[in-house]
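1. only geometry, no sequence info:
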């Protein structure tokens, strides 16, 4: 089985896994980073969203072979203590119901706001539409992204 | 409707409430005392106390920090925050000193540890308040004893007890004394009980302590916004959910189940799978679970198909899921492989036939229909629905000779534990079950099939194991909301509604019981509810707001059309019908006509009903279910030639709102969930195989499609009722009625957007 070198949450990491193994399962089962969630396995729900060199990607559909030498940030590495403005906004607005999809929502939102610091409501609704919230906490997700945008100015 | 802002605390009331949801009272420095005689006994020598034995409601540390154990499973409905809030209110502590933990399954300390039917708060209300108040009373007595004063001279504020001289003691200072006091009192109660049992007056059991409860006007925590107690863990990705749970030596299991409903496993070839990376073993299971299936009546959560299954055991989730795909299995047809068309024909034949069970019959509907000036009859159709919890079904089991350790997301932990004990021929006392936070429930996790699978696998391989489902496993081996058809018929004579008949035909039967006594029962002289079911091999069960998630749309759509036929105001028709129910002596009637009228009037005012902008088309629904009263108004606009749901105004009467911040989230989510499934949700079968297996083929509502939701709670001091479900059923009806207003077209089938051209054409007619 091949060994891959990558950076996860700022730490250089070596992982032995099959080349087709999705990054999601390496994070969860090999590296014990279970904050990144499994939802669909086909990049349709966004629960598994992480940052790959700063871009939001679906880790369930990203193979280990494709991330050799790259840098991945998960929800555990977004900040050390939940102090990232998006995490702070999520707390202020009290977004979650069940909470399962929220790590993926936060990762999508934080990458989006890095590139679009002054989004309109329609920008937000469009950018976040790839992340399903089965509890439909959409109104609060929208409000939290707006709140985070204000914090990040 | 009961109005109990405070409970006069007679012994009977106490025994009743403790048998509902509580009874455990843990106080002090890792100390516990039981309100129920069978609860674990506190030793008088505290050094002999084994804290591990205890898991009840309240723990107070020496520094005054309070830990409250939340008894019921958390599925996103918010009870892990709101139930402890109720205890903290009566305990009189500051909320920021409270730490909340999930209680384990503990049938000695708690009862009704179940998430379902929007009942946790309603059933827990008295017992949780009483638990907090009793703990406070004992703590105050301990302080009073230490001071040598009467407890009536003491007052409490935020966990600090003050006497008449102004001296203070914190809860933490007296927790140990309080525990000893209560241990002695408990011993005395037990002695008295034993004496009473020997005497001829068994009814004279020992008195439980009396306790007064607060008046709502004095609440400091209940009724205030409190954030989700798990928020820090959620936003930082800490392990919380079943799928996150790990244990040393744990292996992963992926289960191959029949691809079609109606099939059974014949044989399989695992040669290729066994050679794949990470694979530890391949085993066949089913014998034990299938034996349990034969006792299904004794344990309704054991909804399992009767086929054996092939299980791949591997070192990681991915390796188990991949190797499962390499199993070559042959399946035999055990019963009819049904397709949607076949099921539709069966249901329609039932509606057209005479094989009904009558659930309620007032007067004579046949006569009313025969004598009517006008009759309206409509048929409404809905598909199956999968639950699609974001966290796919999973469970951990470690079955050893000494004990059975179960961990994971389950709405019915007590049933699951009993089922596993029965299945493995073990004592239920051998089972230690921990409930994790759930990535959604929606009714799917009422059924413990995945718990039995995990236990049977662990028992077979003698290892700790986590059963993991792929999304495809989750969606195609579900316990679906059954496909249902309704036929509603009403008669009008001299401008009055004289008859109303509701007929239901459902796959495997809907969950009956309450429907016949919901509105408009009691409002129409001749009224009948008939049900019929077709028994299918497709597994079906409760889906968020069972009974009504589809019925509300059918009935409320019908009422609008009835008003149109009668040429009367739609709101007035509902108000007039409700007027007739006031003062009813019929105890079967579930809803309150006054409260339903109240939410109707509030919704009219808040939504600007009748005063909306010229490009806004509105639809109205008022509905009662799960003990709460809700009215909703949907606003639809035409955008790009298509009707779009822009906003829903939702007025809820659920009595006292324990946590408005959580309640609003819950109400908004219920509305959008209702809109989403009514608009897009569809699921069927082709020769027993589900028509969708993942989100590329099954459409869930997304943020860019979600309407704005404006929620208003009716302010009153009535005992609280649940919120997990009641805002969902009205949403579909409000949308259907708004779509009619916008396009002139009525839709009789869900999902509404199955054929978008239906609406586009309509627009051309209207707008052209």
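-> On my side now, so go ahead. Nothing here was measured: the structure is a model prediction, and the numbers come from that model.
2. what's the closest non-adjacent residue to the residue of chain A found nearest chain B?
-> Scanning chain A for proximity to chain B using CB to the nearest CB identifies residue A:35 as nearest, at 1.8 Å. Yep, even glycine has a C-beta here, placed from its N, CA and C like the rest. Spatial nearest neighbour of residue A:35, chain neighbours left out: residue B:237 (1.8 Å); criterion: CB to CB, 6 or more residues apart in numbering or on different chains.
3. the one you found and residue A:74 touch, don't they?
-> Yes: counting by CB atoms under 8 Å, residue A:74 is a contact partner of residue B:237 at 6.7 Å.
4. ok, residues contacting the strand or helix carrying residue B:100?
-> Element membership for residue B:100, per DSSP states H and E: strand B:98-102. Contacts with strand B:98-102, where a contact means CB atoms under 8 Å, 6 or more residues apart in numbering or on different chains, come from B:65-70, B:74, B:80-81, B:84, B:88, B:229, B:434-437.
5. go again using 6 Å as the cut-off
-> Outside of strand B:98-102, the residues within contact range by CB atoms under 6 Å, 6 or more residues apart in numbering or on different chains are B:66, B:67, B:68, B:69, B:70, B:84, B:88, B:229, B:435.
6. which of those sits closest to chain A?
-> For these, the nearest to chain A is residue B:229 (10.7 Å; CB to the nearest CB).
7. separation between that closest one and residue B:239?
-> 16 Å (CB to CB, to the nearest Å).
8. between those two, which is the more surrounded one?
-> Higher neighbour count among residue B:229 and residue B:239: residue B:229, with 22 against 16, using other CB atoms under 10 Å in any protein chain shown.
9. and the closest residue to the more buried one other than its chain neighbours, what are its bridge partners?
-> Spatially, and ignoring its direct neighbours in sequence, residue B:229 is nearest to residue B:100 (4.3 Å; CB to CB, 6+ apart). Listed by DSSP bridges, the beta-bridge partners for residue B:100 are residue B:68.
10. now for residue B:100, how many residues are close by?
-> When neighbours are defined as other CB under 10 Å, residue B:100 has 20 of them.
11. ok, residue A:1 next?
-> With other CB under 10 Å as criterion, residue A:1 counts 12.
12. any idea of the pLDDT on the closest residue to it other than its chain neighbours?
-> Distance criterion CB to CB, 6+ apart; nearest residue to residue A:1, sequence neighbours excluded, is residue A:16 at 5.2 Å. Note on residue A:16: pLDDT of 96.
13. can you show me the helices along chain A?
-> Listed in chain order, the helices of chain A (DSSP state H) span A:23-25, A:75-78, A:85-93, A:102-115, A:121-127, A:138-152.
14. among those helices, show me which one is buried the most.
-> helix A:23-25 (a mean of 27; mean count of other CB atoms under 10 Å in any protein chain shown).
15. and for that helix, what's in contact with it?
-> Contacts of helix A:23-25 (CB under 6 Å, 6+ apart): A:48, A:59, A:60, A:62, A:67, B:317, B:318.
16. circling back to that earlier point, from memory the residue nearest to residue A:35 sits against residue A:77, does it?
-> No: Residue B:237 is beyond contact range of residue A:77, at 9.0 Å (criterion: CB atoms under 6 Å).
17. leaving out sequence neighbours, find the closest residue to residue B:451.
-> residue B:416 (4.4 Å).
18. so which strand or helix has that neighbour?
-> Applying DSSP H and E, one finds residue B:416 within helix B:413-424.
19. beyond that helix, next helix or strand please.
-> strand B:431-435.
20. which residue does chain B have closest to chain A?
-> residue B:237 (1.8 Å).
21. what about that residue, neighbour count?
-> Count around residue B:237 with other CB under 10 Å applied: 24.
22. mind listing what it touches?
-> A:35, A:75, A:76, A:103.
23. and the angle from the strand holding residue B:100 to strand B:431-435?
-> Strand B:98-102 runs at 130 degrees relative to strand B:431-435, counting by axes from the mean of the first three to the mean of the last three CA atoms, to 10 degrees.
24. only the buried residues of the stretch of helix or strand residue B:142 belongs to, if you could.
-> Taking DSSP H and E as the criterion, the element that holds residue B:142 is helix B:120-147. By 16 or more other CB atoms under 10 Å in any protein chain shown, the buried positions in helix B:120-147 come out as B:120-144, B:147.
25. cool, and stretch B:726-734?
-> Result for stretch B:726-734 [16+ other CB under 10 Å]: buried residues B:726, B:727, B:728, B:729, B:730, B:731, B:732, B:733, B:734.
26. quick check: the fourth one is in a helix.
-> Yes: counting by DSSP: H, G, I helix; E, B strand; the rest coil, residue B:729 is found in a helix.
27. so the most far-flung residue of chain B relative to its centre, which state does it fall into?
-> Distance from the centre of chain B peaks at residue B:165, with 49.5 Å (CA atoms, centre = their mean). With three-state DSSP as the basis, residue B:165 sits in coil.
28. can you flag the buried ones in the contacts of helix A:23-25?
-> A:48, A:59, A:60, A:62, A:67, B:317, B:318.
29. the last one: which element?
-> Secondary structure assignment for residue B:318, by DSSP H and E: helix B:317-325.
30. rounded mean pLDDT for that helix, please.
-> Rounded mean pLDDT across helix B:317-325 is 98.
31. and it, does that touch chain A?
-> Yes: against chain A, helix B:317-325 shows contacts by CB under 6 Å from any CB of the partner chain at B:317, B:318.
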